[in-house]
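3D, please:
(one chain, ligands or ions: 1)
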Amino acid sequence: MPTTKLFFSPLRLLHLPSSSSSSLTMKPPSSLFLSRPSRTFFPTFPFKFKYLALRNAPFRALSTRSDSTRRKERPRLSSPSATPKSLIDDEAELSDWVDEIRTARVDSDFGESTRNRRQVRRDTNSNSSFSRNSGFSQRRFGRELEKEDNGGFRTRKRRGVELNRGSGGKSLSRKPKPQLMSDDEDDEVVVRKGFKGFLSEEEEEEEEESGESEDDEIVRKSRTALFGGTKQQQPAPAAPRASSPSGTDSYLSDTRFDQCSISPLSLKGVKDAGYEKMTIVQAATLPVILKGKDVLAKARTGTGKTVAFLLPSIEVVANSPPTERDHRRPPIHVLVICPTRELASQAATEAAKLLKYHPTIGVQVVIGGTRLALEQKRMQANPCQILVATPGRLRDHVENTAGFATRLMGVKVLVLDEADHLLDMGFRKDIEKIIAAVPKQRQTLMFSATIPDEVRQVCHIALRRDHEFINTVQEGTEETHSQVRQAHLVAPLDKHFSLLYALLKEHIADDVDYKVLVFCTTAMVTRLVAELLGELNLNVREIHSRKPQSYRTRVSEEFRKSKGLILVTSDVSARGVDYPDVTLVVQVGLPTDREQYIHRLGRTGRRGKEGQGILLLAPWEEFFLSTVKDLPIEKAPIPSVDPDTKKKVERALCHVEMKNKEAAYQAWLGYYNSNKKIGRDKYRLVELANEFSKCMMLDNPPAIPKLVLGKMGLRNIPGLRSK
Ligand SMILES: Nc1ncnc2c1ncn2[C@@H]1O[C@H](COP(=O)(O)OP(=O)(O)OP(=O)(O)O)[C@@H](O)[C@H]1O
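Just a heads-up that it's a prediction; the model follows:
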């Protein structure tokens, strides 16, 4: 049976006798497998070989080095342009900066880039089925086995020196402390309730009410328009996925949590959370952080960075003397900054899990989208030593909440999650203000899956000189997961909607447990695509910054728990959001930059699971591929879309609300206008926008307010209609 054919046939794959693939036996790099015998593996994902071997191998590290002695990083690929982030999808509480950010510059080997958008984050466990490696994607952009044998595996080795740092840490004992949490803030309830547990019913209600005005504000500020409702089907409830032979534990090290110097109470929390062994990034960073060092850590998406910074931070609080005085406003010892609300909520939920047996340590989250006064009340009712916040809302509290600035003077650990994003031009000013508001004598931890060189250059803003850079992504290896199959598809814009539909249908047919994220360029384009897919009877939800926070929370929770569901999303889901078992990530249109591509893709393939990623570009967006050419992204042939499907999509487009098309057109124009490369030629930009308008089945491009056109620098460009 020819191996290449086997690769494309899920049924045959299932029946493949394990011994039939002697040709598949690969010799692992000696540095990796030491004395381990070579093995025979399932042909579809020969590279998982590495993971199985790693799981059993003694924990091997990663580069960990002091900044002063660091080696030069793998050079970044030059790119024609870094795409500025959209003005359209900004977080509400941060949108004041839009104008400032539009003109901001980031010097990098990508060239200058303005970055002005916020994004978001996270998953749990599961395994994938064979069908996930088959069907459309497998047939159309599956890698051939020979190719994989010869080349695909070659760069996927993990090297490094043994860390062997031991368990430098602090005393496990802790003095009893006053009970700071209120009676109704039962830890278990908080954990069970997840993010919702951090928002009172009242806040949810209030925020729902205020959602509209908040949205209006965003609309005004970011100069885009409206939104409406989408059809909703009930998704299937999530069931534990069957274990897949190709799922791996490669993200885990051999070090158990109980081998580290963490308090027994934390250990109990860790155990209850279901964690036994540390992930690679946790094992690499924990001993260093426990020693009190500043750390900048880079680890692939979905490999447990949140616990990596939370656990040692909790230890700092646990080892601090109890706060007696004015316990209604205890000092905040740990301040975690996340770029988005979802991410902040998720981190707070994870912290609450780990704090289950620490009755005297409280965690609170402050994010935009809820009323400041309600947050103030909640913080007063439930004092905390650990605060998770989005930058804009934190600034609000510093400026408007009595005693808050004083509480911040107690910060011992400052964490910047998604550090690169927080330090880019969109957030830099807020971060600088936050840093000025916390003591100089503190420990700072910065984590991300991507840390571009230009961001490393500004790390000194937050980190001490002698910080350690712990990079678990070895030089010469890809920043993405090898068990996530990546493909790009370049097709004319007028085919995109049909292609997206065909791709999704095929994926759904392949995997009954499908769970798909479709990333769109802006909030309003997200809305349009969600409505279209809903019209096409796909089971769809949408999430973006124009939705009230309570809606975002609800949909996010639903998607987390479901299978058989497609979530159409803007970049609010790009970073860190931990949805379990995402089977496919589709990115429609130009990602804002290389990092964004990696983070979006990172919503699948978490915790060592398999996944697929498809990037759908128009020919004039193809330049983006040069920025990710070191990643294993296969070129996929354009699938043929049968005339019936095309007609069906066109009919569905005709049912999409006009106001949503108008809003999408304007947002689309704004997004690509802010792209340095595409926005440079305004005439061409308008031609392309009008092509997009035609794709939405509009005879004439929608008119745009003169004021908006002026602000976009598009006045008097032929082809545009103004009102
Ligand atoms: N030691 C562990 N053992 C098993 N699972 C773990 C462990 N630590 C964390 N996890 C789980 O791994 C998943 C991914 O963790 P997390 O969201 O922190 O990843 P991340 O590296 O921050 O990802 P991203 O880069 O996308 O933000 C979560 O579901 C978390 O509960």
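
phi, psi of the residue nearest to residue 279 when sequence neighbours are not counted?
Nearest non-adjacent residue to residue 279, counting by Cβ to Cβ, 6 or more residues apart in numbering: residue 304, 3.6 Å away. C-beta: built from backbone N, CA, C; applies to glycine. Per-residue torsions, residue 304: phi 90, psi 30 (degrees, to the nearest 10).

near the ligand, which residues of the stretch 401-550 of the chain show up?
For the stretch 401-550 of the chain, the contact set with the ligand under Cβ under 6 Å from any ligand atom comprises residue 449.

just the stretch 551-700 of the chain next, same as before
Residues of the stretch 551-700 of the chain lying near the ligand (Cβ under 6 Å from any ligand atom): 576, 578, 602, 606-607.

Just flag the most distant two among the residues you listed.
Based on Cβ to Cβ, the longest span within these runs between 576 and 607 and measures 13.8 Å.

These two: which has the busier surroundings?
Legend: neighbour count by other Cβ atoms under 10 Å for residue 576 and residue 607, higher for residue 576 (30 against 22).

give me phi/psi at the more buried one?
Per degrees, to the nearest 10, the backbone of residue 576 is at phi 70, psi -20.

Could you check how far whichever residue of the stretch 451-600 of the chain sits closest to the ligand is from residue 394?
Proximity to the ligand, evaluated over the stretch 451-600 of the chain using Cβ to the nearest ligand atom, is greatest for residue 576 at 3.4 Å. The gap separating residue 576 from residue 394 is 17 Å, by Cβ to Cβ, to the nearest Å.

For the helix or strand that contains residue 343, name the packing helices and strands.
According to DSSP states H and E, residue 343 maps onto helix 341-354. Secondary-structure packing of helix 341-354 (3 or more Cβ pairs under 8 Å, 6 or more residues apart in numbering; DSSP states H and E): helix 187-193, helix 264-272, helix 305-318, strand 334-337, strand 363-366, strand 386-389, helix 549-561.

Confidence-wise, which of those is weakest overall?
If you rank those by mean pLDDT, helix 187-193 sits at the bottom with a mean of 30.

just to revisit the earlier point, which residues touch the residue nearest to residue 279?
By Cβ atoms under 8 Å, 6 or more residues apart in numbering, the residues touching residue 304 are 251, 278-279, 281-282, 607.

Of those - the most surrounded one?
residue 282 leads those on contacts (other Cβ under 10 Å) with 30 neighbours.

That one: what's it in contact with?
253, 304, 307-308, 311.

want to throw the contacts of residue 304 into a markdown table with distance to residue 487 and pLDDT?
Shown next, in a markdown table, are the contacts of residue 304 (distance: Cβ to Cβ, whole Å; pLDDT from 0 to 100):
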| residue | distance to residue 487 | pLDDT |
| --- | --- | --- |
| 251 | 23 | 86 |
| 278 | 33 | 97 |
| 279 | 27 | 97 |
| 281 | 27 | 97 |
| 282 | 31 | 97 |
| 607 | 22 | 88 |
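
In TSV, list the residues you listed along with secondary structure.
Listed next are the contacts of residue 304 as TSV, based on DSSP: H, G, I helix; E, B strand; the rest coil:
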residue	secondary structure
251	coil
278	strand
279	strand
281	helix
282	helix
607	helix
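
Of those, just say which sits nearest to residue 427.
Checking the contacts of residue 304 against residue 427 by Cβ to Cβ gives residue 281 as the nearest, at 22.5 Å.

Residue of the stretch 351-500 of the chain closest to the ligand, please.
Closest residue of the stretch 351-500 of the chain to the ligand, Cβ to the nearest ligand atom: residue 449 (4.0 Å).

residues in contact with that residue?
For residue 449, the contact set (Cβ under 8 Å, 6+ apart) comprises 298-301, 305, 479, 598-599, 602.

Lowest-confidence entry in those?
Across those, the bottom pLDDT score, 88, is held by residue 479.

which other residues reach the helix or strand hosting residue 613?
If you go by DSSP H and E, residue 613 is part of strand 611-617. By Cβ under 8 Å, 6+ apart, the surrounding residues in contact with strand 611-617 are 128, 132, 137, 141, 481, 483-491, 496, 499-500, 503, 507, 582-591, 597, 600-601, 604-605, 624-625, 633, 636.

Helices - which of those residues land there?
Per DSSP state H, helices hold the following members of the contacts of strand 611-617: 137, 141, 496, 499-500, 503, 507, 597, 600-601.

Ends of stretch 636-643, what's the gap?
Across its full length, stretch 636-643 reaches 21 Å end to end, with Cα to Cα, to the nearest Å as the criterion.

switch to numbering from 308
That works, and once the first residue is 308, the last one we named lands at stretch 943-950.

and that stretch, average pLDDT?
The pLDDT scores in stretch 943-950 average 88.

okay, now residue 758: neighbour count?
Counted with other Cβ under 10 Å, the neighbours of residue 758 add up to 23.

so it makes contact with residue 725?
No: in this structure, residue 758 is not within contact of residue 725 by Cβ atoms under 8 Å, at 10.1 Å.

Residue 939 and residue 785: what is the separation?
Note on residue 939: its distance to residue 785, by Cβ to Cβ, is 6 Å.

picking that back up, can you tell me the strand partners of the strand holding residue 920 and which way each runs?
Counting by DSSP bridges, the strands paired with strand 918-924 are strand 791-797 (parallel), strand 891-895 (parallel).

Mean neighbour count added to these, as JSON lines?
Shown next, in JSON lines, are the strands paired with strand 918-924 (neighbours: other Cβ atoms under 10 Å):
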{"stretch": "strand 791-797", "mean neighbour count": "22"}
{"stretch": "strand 891-895", "mean neighbour count": "25"}
